[in-house]
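Asker: 3D model of this:
(one chain, ligands or ions: 1)
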Amino acid sequence: MRFFTSHAKIHALYMVYINTNLTQYTKYNNVMSENIIAIASDHGGFELKQILSQYLHDNGWKAQDLGAFGKEAVDYPDSAAELAKWLSFNQDKKGILICGSGIGMSIAANRFRGVRAALCHDGLSASLARKHNDANVLCLGARLIGTETAKDCLFHFLNSEFEGGRHAVRVDKLSNFSKRK
Ligand code: RB5
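Answerer: This is a model prediction of the structure:
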C-alpha cells in the first residue's frame, strides 16, 4: 500500500514537472510562425510598446508581447531577461526592448548569450545595426525619441539584412567573448 502511495506521489510530481516545462515551451517557443518578433518594455516604454505592436500588426507581423502589461513600475532587467529567454527558444528570431532611455535595456540584454542588442536613435543606426552587427534586438528609448522616429528605427531594423563578410568575422569574435571567464 505504501509503495502505491509513494509511486502515486512520484507520478504526480513528474506530471507537474512535465506540465511546467510544457508551459514554458509553449510560452517561449513560436518557431511555427515565420513573421513573429518579441517585444518587451518596462513602464517607461509601455506606451511606445503598444504603438509599435500595432505598427507590427499593421505590417503583417505577429508581435509576441512579453510585457510590461501596464504602467506600474517594473524593473527593466526583468523585461530584458524575459525577451532573452524567448530568443533562446527562437534563435533565428528578433526582439524589441523599450525603456525610458533604452540604455538599461541594452546593458541588460547584452549580458545574455546569443543576444546582440543595439540601442538606436534613428533609421540609419537601426539599419547599420543589422547590416554590420547582425543585431537581433532593437533597443529604443521611449523618452528620447518620438513615435515616428521609433517606427523608422523599427522599419529599418526589420528590412535590413546582415552583410556578412568582414562583419561576420567581427561578430564571431563577439560570440567568443561570451565563452571567456
Ligand atoms: C525608469 O524610470 C528608467 O530608469 C528606465 O526606463 C530606463 O530608462 C533605464 O535605463
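Asker: my guess is Asp134 contacts Asp172, does it?
Answerer: No. At 9.9 Å, Asp134 does not count as touching Asp172 under the criterion of Cβ atoms under 8 Å. C-beta: built from backbone N, CA, C; applies to glycine.
Asker: which one's more surrounded, these two?
Answerer: In terms of neighbours (other Cβ atoms under 10 Å), Asp134 is the more surrounded of Asp134 and Asp172; the figures are 19 against 10.
Asker: name the residues of the chain found near the ligand, please.
Answerer: Asp42, Gly44, Tyr76, Cys99, Gly100, Ser101, Ile103, Gly104 (Cβ under 6 Å from any ligand atom).
Asker: ok, now which ones touch the closest residue to Ile103 other than its chain neighbours?
Answerer: Among residues not flanking Ile103 along the chain, Leu119 sits closest, at 6.5 Å (Cβ to Cβ, 6 or more residues apart in numbering). If you count contacts by Cβ atoms under 8 Å, 6 or more residues apart in numbering, Leu119 has them with Gly102, Ile103, Met105, Ser106, Cys139, Leu140, Gly141.
Asker: now swap in Ala63 and tell me
Answerer: Ile36, Ile37, Ala38, Ile39, Leu52, Ser53, Leu56, His57.
Asker: quick one: those residues as JSON lines, columns for neighbour count, secondary structure and pLDDT too.
Answerer: Putting the contacts of Ala63 into JSON lines (neighbours: other Cβ atoms under 10 Å; DSSP: H, G, I helix; E, B strand; the rest coil; pLDDT from 0 to 100) gives the following:
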{"residue": "Ile36", "neighbour count": "17", "secondary structure": "strand", "pLDDT": "98"}
{"residue": "Ile37", "neighbour count": "24", "secondary structure": "strand", "pLDDT": "98"}
{"residue": "Ala38", "neighbour count": "25", "secondary structure": "strand", "pLDDT": "98"}
{"residue": "Ile39", "neighbour count": "27", "secondary structure": "strand", "pLDDT": "98"}
{"residue": "Leu52", "neighbour count": "26", "secondary structure": "helix", "pLDDT": "98"}
{"residue": "Ser53", "neighbour count": "19", "secondary structure": "helix", "pLDDT": "98"}
{"residue": "Leu56", "neighbour count": "22", "secondary structure": "helix", "pLDDT": "98"}
{"residue": "His57", "neighbour count": "11", "secondary structure": "helix", "pLDDT": "98"}
